[in-house]
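Undergrad: Let's see this in three dimensions:
(chains A and B)
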Amino acid sequence: MSYKEYKGLSLPEIDKTILEFWEENKIFESSMESRKDAPTYVFYEGPPSANGKPGIHHVMARTVKDMFCRFHTMKGKLVERKGGWDTHGLPIELSVEKELGITKEDIGKSITVDEYNQKCRETVMMYKDMWDDITVKMGYWVDLDDPYITFKNEYIESVWNLLKRLYDNDYLYKGYTIQPYSPAAGTGLSSHELNQPGCYKDVKDTSAVAQFRVIKNEAAEFLFETAEEDVCFIAWTTTPWTLPSNTALALGKKIDYVKVKTYNAYTGEPVSVILAKDLIKKWFKEGADELDFDAYQKGDKKIPYRITGEYKGAKLVGLRYEQLLPYVQPDNGDAFKVLHGDFVSTSDGTGIVHIAPSFGADDMMVGKQNGMGSLTLVDKQGKFTDDVGEFSGRYVKDYKDDPNYKNVDIDISIKLKTENKAFNVQKYSHNYPHCWRTDKPVLYYPLDSWFVRTTKAKARMVELNKTINWKPAATGEKRFGNWLENLQDWNLSRSRFWGIPLPIWRTADGTEEKCIGSVADLRDEVEKSIQAGHMETQLTKDFDLHRPYIDDVILTSSKGEPMKRELDLIDVWFDSGSMPYAQWHFPFENEEKFNPDSYRGYPADFISEGVDQTRGWFFTLHAIAVMCFDSVAYKNVVSTGLLQAKDGRKMSKRLGNTVEPFKAIEDYGADAIRWYMMSNSAPWENLKFDLDGVDEVRRKFFGTLYNTYSFYALYANVDKFYNKEAQVPLEKRQEIDRWVISLLNTLKKEVNKDYSDYEPSRATRKIMTFVDEHLSNWYVRLCRRRFWKGEKNEDKIAAYQTLYECLVTIAKLIAPVAPFFADFLYKNLNDATGAEASNSVHLTDFPKVEESVINKDLEQRMDYAQRISSLVLSLRKREKIRVRQPLTKVLLPVLDDDFRSQVEGVKNLILSEVNVKDIEYITDTSGIIKKKIKPNFKTLGRKLGKNMKSAAQLIGGFDQDAIAEIEKTNGYTFEADGESIRLTLEDFIITSDDIEGWLVANDGPLTVALDVTLTDDLKAEGIARELVNRIQNIRKSRDFNVTDRIKVTLQANDALNPAVNQFGDYICNEVLATSLDLSANVSGAEEVELVDDLVVGILVER
RNA sequence: CCCGAUGUGGCGCAAUUGGUUGGCGCAUCCGUCUGAUACACGGAAGGCUGUUGGUUCGAGUCCAACUGUCGGGACCA
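TA: Alright, predicted model coming up:
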């Protein structure tokens, strides 16, 4: 079978061909089947939600996942890749509500919970086909046939089992917290919802500074100068409606406070107020401290004041004050006391903070810490309860769009003013969160919630995190590490409908509760309940564990009381954090995957998601693993960066700068996109995605590789080389063969290391350099003649074998990143030769390094050759001498014998590459080399330390004689601080960058001069080579076969005579001519310009 | 406001972990080869490494502050 040849490179075409091949031959399945008894490399797929369309950033994330799974498969591991779908959560509820045109309030009214959930179930998979499609098209190998789905009963049962484990180990508790709550929508809001654009709005509210009268007792004595003095703490609030619920004040221990004597602006009564010293200027007019107190009249614009005391906050802590609006007293703790709060600042307000524990998270916290009671005088509709006097029943904000709504904040302020309790009332503009659905202001409200006591496992979580290999490390140490250090308990409750129900049942009085850990347990409990008369029948076989059905399950307590389920659902993050276990329905099935003797399925060796999952999936996986199994959930984690538009901004539909993934793949091929993404920068950097960059990858990398293959295929077919011949031993091959094989093995080694270290950009860049610079632009270019010239002898076979090995190896090295092209290349080669048994590159093993063929001397030698050639070419260019014009010699200064012998080894390569006859080495003794000396800072730094500067200056001043002396004596003795320090040759870098009387070029330590003298012989040879070139061009333009013999006739011209006479045989040989004649009159000749001003006629006949 | 990442020719990225001549690709300009026809190859030009200060004999690299960008969190009185 011959090698396939193609008209041109089309990556999208290759995608299609290879996809078809994979499907027909079940390559993905085979790649796992063939490893089924091998050690595992465990990968977890973070489930996407199929209710949104896949974007180009998913291609990025999944390329990372795919490539490491493919790599480890090739390394001989069994890599199971179970796909999954995230099916619960708010986005799904929202899209359903949007589709049906309903809101949360309608659920249970205009639509039953049953119907609602049914709709969710359908919506969840809305774009599943599209996801499956992109998965296939981008070449992501993941098991789509048997994915885990978070809404399935099996999945839920596993989650319940985890919850039960937590419950049994005292990790679950019910408690109050202050959460954002929308009275208008009647629902709590997640911080996620609050962070949606537009939620924080600038609003003008009535703000009040209230006066809290200090109770004069022993502790407070020091504040009072006279018995009648009215001393008040003043505290500012932008939500006066919380004032009736005030139970404490908070200030900072270290903050300086003052007592200021003044008059109340509204009543004109004398009063002494306490506030932070830093904030005096905010509340008192400049110069008013000099006004006459007795002259003050009620209503004066400037109110006189005097500072009459100064105290540290610590001294005020513990003092008591009179309740501001005494409608109700708290019965659940102490009240009306001054506390210390860390959060108190003097950036605004008065430095004293009004605390209503029911309406602020900080308030709640500081209140709890100090045993304070709370008042919740606003109900869930957002109106005052019945015991708030004249305010009873009034809405604290306009939640009902009532045209007659009267602002309660204002009325409360007025009441305070008239009762001499308001120090200041004014409009205040600030940023306040609003419910994104109703557009109404949010309240912070105490809500019942179930919590996971993650704080209890904090130390262990921190400890185990240190064993995880994070890419990049900073994400694990800093971002995730800091987050763990500041861990709060995990609020598990969500008051929604579509999600996993909390499996906890309680008696009405809350004295007894049960946590259910499996369906079997549930059935047992139901059985008991039936006997107790709370239920009539056992659950059906396929009983849906979702709401509303589960809510109808009533259990029975030890005393025979009915127990009802806590209505909450759990946070969907718990769903996804449970996937290691729930995807296998553990512990009800697949226990062997979790067997500590083998651990074939747990924990994961590798996961990867976007960095935004740090506090999401990465955390929940970790938390659940640590709390339930005292284990990590993953050993290696790559957190990928953001995919931005090419202008560095976020991709968004609004800006119209999104890249459509299907179209991109259709246009450029999946591999170009994958390779671009992996090679452009490390996966955790943000990627500015630019299709021009993808196109560049296609041209430069895949184009070059394709051409290299095409070249190989063209000649190998002509020579019928199918790699059946015995391998020519390396020592019998040419040096350039040994070189490229050496480099290839170095490449294998490094790529293997980079892939193993999760460093795809390093690996891909090295491969690109090898393919472009070394394989194509050096090996193939220099060896081109070997492939088409002469018989199929040993040297030719060696060349084929060498190039074949390079190409096959490259196919394997790129297979994880560019799975389509890799298989295309591999199959084109291997299908023709049958050298390996595999019919796909993805079933082969990753190439093993042959250390014995790595020859660093050889690599360095060739590096010299490449660089010296480049220098000579640049000199030619500067002198405007074309490459086809041969020259006599290159001059090369030699500083040590090693260098000379290295160059000697590649001399012929250099000479033919740059078309020069000889290399002349010049040594010291010639006297024309100018040397330069430089300190070697790396070694000198240790020896000299502070004396570096003077040493560097001294060394810089060395002349040729001094340098010669150093070389002769192998060093130099340096005097400093009365000490003499012996420096060796190693401490200097001696180079030669000039040759007297010659034009030179240099590159680092290399220096090259070119003899540009042209003799008649050289000119004739130059012409001969130009002729060869022109005749070849004519052959090509006539579409002659590469093997056709020709007859050449030249229009006679004196300038051609020397060339034809001396180099006629050479010309004939090169162009496969049987004759080469000069004729005075050639008809049908092509007129061609040979060199400047020399036009000749050439006739080429078959 | 807090935390993290990041800032290197016009653009996208490197720099052996602190060593003195800061590389590569694209784009630009000028050329050139080829029995690989793929806009391939070569060359040139292009930089006060965000700013300021510090540590050090020596800083793109370490530290601090500031500043721009991105992300995460908090947003309260």
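Undergrad: For A:Val697, give its distance to RNA strand B.
TA: 9 Å (Cβ to the nearest atom of the strand, to the nearest Å). Glycine gets a C-beta too; all of them are placed from N, C-alpha and C.
Undergrad: for the closest residue to that residue other than its chain neighbours, helix, strand, or coil?
TA: When the adjacent residues along the chain are set aside, A:Val697 lies closest to A:Tyr676, with 4.5 Å between them (Cβ to Cβ, 6 or more residues apart in numbering). Three-state assignment for A:Tyr676 (DSSP: H, G, I helix; E, B strand; the rest coil): helix.
Undergrad: A:Tyr676 and A:Lys700 touch, don't they?
TA: No: applying Cβ atoms under 8 Å, one finds A:Tyr676 not in contact with A:Lys700, separated by 10.6 Å.
Undergrad: Which one's more surrounded, those two?
TA: Taking neighbours as other Cβ atoms under 10 Å, A:Tyr676 and A:Lys700 compare with A:Tyr676 leading, 25 against 13.
Undergrad: Can you tell me how far that one is from RNA strand B?
TA: For A:Tyr676 relative to RNA strand B (Cβ to the nearest atom of the strand), the value is 9 Å.
Undergrad: buried ones in stretch A:85-99?
TA: By 16 or more other Cβ atoms under 10 Å, the buried positions in stretch A:85-99 come out as A:85-93, A:95-97.
Undergrad: How about residues contacting that stretch?
TA: A:47-52, A:103-104, A:116, A:119-121, A:123-126, A:128, A:147-151, A:190, A:192-193, A:496-500, A:569, A:572, A:575-576 (Cβ atoms under 8 Å, 6 or more residues apart in numbering).
Undergrad: Go through these and flag which are in strands.
TA: A:147-149, A:569 (DSSP state E).
Undergrad: Quick check: longest strand in chain A by residues?
TA: Chain A, longest strand under DSSP E: strand A:200-213.
Undergrad: residues near A:Glu536, how many?
TA: 7.
Undergrad: what sits against it?
TA: A:Glu536 neighbours (Cβ under 8 Å, 6+ apart): A:Ile530.
Undergrad: And the pLDDT for it?
TA: On the pLDDT scale, A:Glu536 is placed at 91.
Undergrad: now the strands for the stretch 401-550 of chain A?
TA: A:422-433, A:443-452, A:469-471, A:490-491, A:493-494, A:504-507, A:513-515 (DSSP state E, counting those that start in this stretch).
Undergrad: cool, and the stretch 1001-1102 of chain A?
TA: A:1006-1010, A:1046-1051, A:1073-1079, A:1086-1091, A:1094-1101.
Undergrad: which outside residues touch the first one?
TA: Translated: strand A:1006-1010. A:864, A:867-868, A:871-872, A:875-876, A:879, A:887, A:890-893, A:916, A:991-995, A:998-1002.
Undergrad: and the stretch 201-350 of chain A, which of its residues are near RNA strand B?
TA: A:207, A:235-239, A:343-345, A:347-349 (Cβ under 7 Å from any atom of the strand).
Undergrad: follow-up on the earlier one: just the contacts of strand A:1006-1010: which are in strands?
TA: Per DSSP E, the subset of those in strands is A:887, A:890-893, A:916, A:991-995, A:1000-1002.
Undergrad: would you list every one of the strands in the stretch 251-400 of chain A?
TA: Using DSSP E, counting those that start in this stretch, strands in the stretch 251-400 of chain A cover A:256-263, A:270-276, A:306-312, A:337-340, A:352-355.
Undergrad: which parts of the third one are buried?
TA: Neighbour counts over strand A:306-312 (16+ other Cβ under 10 Å) mark A:309, A:311 as buried.
Undergrad: what's the angle between it and strand A:270-276?
TA: 40 degrees (axes from the mean of the first three to the mean of the last three Cα atoms, to 10 degrees).
Undergrad: so what's A:Ser1075 bridging to?
TA: A:Lys1047 (DSSP bridges).
Undergrad: ignore the last one, A:Trp450
TA: With DSSP bridges as the rule, A:Trp450 is bridged to A:Lys174.
Undergrad: ok, it touching A:Arg565?
TA: No: using Cβ under 8 Å, A:Trp450 is not in contact with A:Arg565, being 11.8 Å away.
Undergrad: between these two, what contacts are shared?
TA: Going by Cβ under 8 Å, 6+ apart, residues that sit against A:Trp450 and also against A:Arg565 are A:502, A:504.
Undergrad: coming back round to it: from the ones in strands among the contacts of strand A:1006-1010, which two are the most distant?
TA: A:Leu887 and A:Thr991 (24.9 Å; Cβ to Cβ).
Undergrad: quick one, which of those two is more surrounded?
TA: Neighbours per residue, other Cβ under 10 Å: of A:Leu887 and A:Thr991, the larger number sits with A:Leu887, 25 against 18.
Undergrad: Need the worst-confidence member of the residues of the stretch 201-350 of chain A next to RNA strand B.
TA: A:Ser347 (71).
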